[in-house]
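>>> Compute the structure for the input listed below.
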Amino acid sequence: MNTPIEYPAGGLLDIEGACRYLGVARTTLYQLRKTGEIPEVHLTDHCVRFRRSDLDEFVRQRMENPPAFSITSSRS
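Numbering: from 1, shown residues only. Here you go, the predicted structure:
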């Protein structure tokens, strides 16, 4: 049985929490971090957190301006 995770308003989420909050895989979150599309907070060299408000803003921007996807076929 999955128990919902409760986060304090404006709280910081770890990588797993951010993935669950956005509904994306870790690899997707890592790509968004790498490209700077999602701001992150470095508490230490190896401790990264995400503001829920930043994730909400990312989703809002994506809803207003979805990225252009190119679907190509490898079949000829």
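
>>> Do you have the helices of this protein handy? List them.
Using DSSP state H, the helices found in the chain span residues 15-22, 26-34, 52-64.

>>> Taking their axis directions, the last one and helix 26-34 sit at what angle?
Going back to what we said before, that points to helix 52-64. Helix 52-64 runs at 90 degrees relative to helix 26-34, counting by axes from the mean of the first three to the mean of the last three Cα atoms, to 10 degrees.

>>> I'd like the average pLDDT over helix 52-64.
Taken as a whole, helix 52-64 has an average pLDDT of 94.

>>> Likewise for the first one?
The pLDDT scores in helix 15-22 average 96.

>>> Which other helices and strands does that helix contact?
helix 26-34, strand 47-51, helix 52-64 (3 or more Cβ pairs under 8 Å, 6 or more residues apart in numbering; DSSP states H and E). Quick note: C-beta positions are derived from backbone N, CA and C, even for glycine.

>>> Enumerate every residue touching the residue nearest to the spatial centre of the chain.
By Cα atoms, centre = their mean, the chain has its centre lying nearest to residue 29, at 4.8 Å. Counting by Cβ atoms under 8 Å, 6 or more residues apart in numbering, residue 29 touches 15, 18, 19, 22, 38.

>>> With the flanking residues excluded, which residue is spatially nearest to the last one?
In other words, residue 38. Setting aside the residues directly before and after it, residue 38 is nearest to residue 32 in space (Cβ to Cβ, 6 or more residues apart in numbering), at 4.5 Å.

>>> contacting residues for the one you found?
Per Cβ under 8 Å, 6+ apart, neighbours of residue 32: 24, 38, 58.

>>> ok, 10 Å please
For residue 32, the contacting residues are 18, 22, 24, 38, 40, 50, 55, 58, by Cβ atoms under 10 Å, 6 or more residues apart in numbering.

>>> Now stretch 26-41: average pLDDT?
Mean per-residue pLDDT for stretch 26-41: 94.

>>> got the end-to-end distance for stretch 40-52?
Stretch 40-52 has an end-to-end distance of 10 Å (criterion: Cα to Cα, to the nearest Å).

>>> So what touches it?
Contact with stretch 40-52 is made by 7-15, 17-19, 21-22, 29, 32-33, 38-39, 54, 57-58, as judged by Cβ under 10 Å, 6+ apart.
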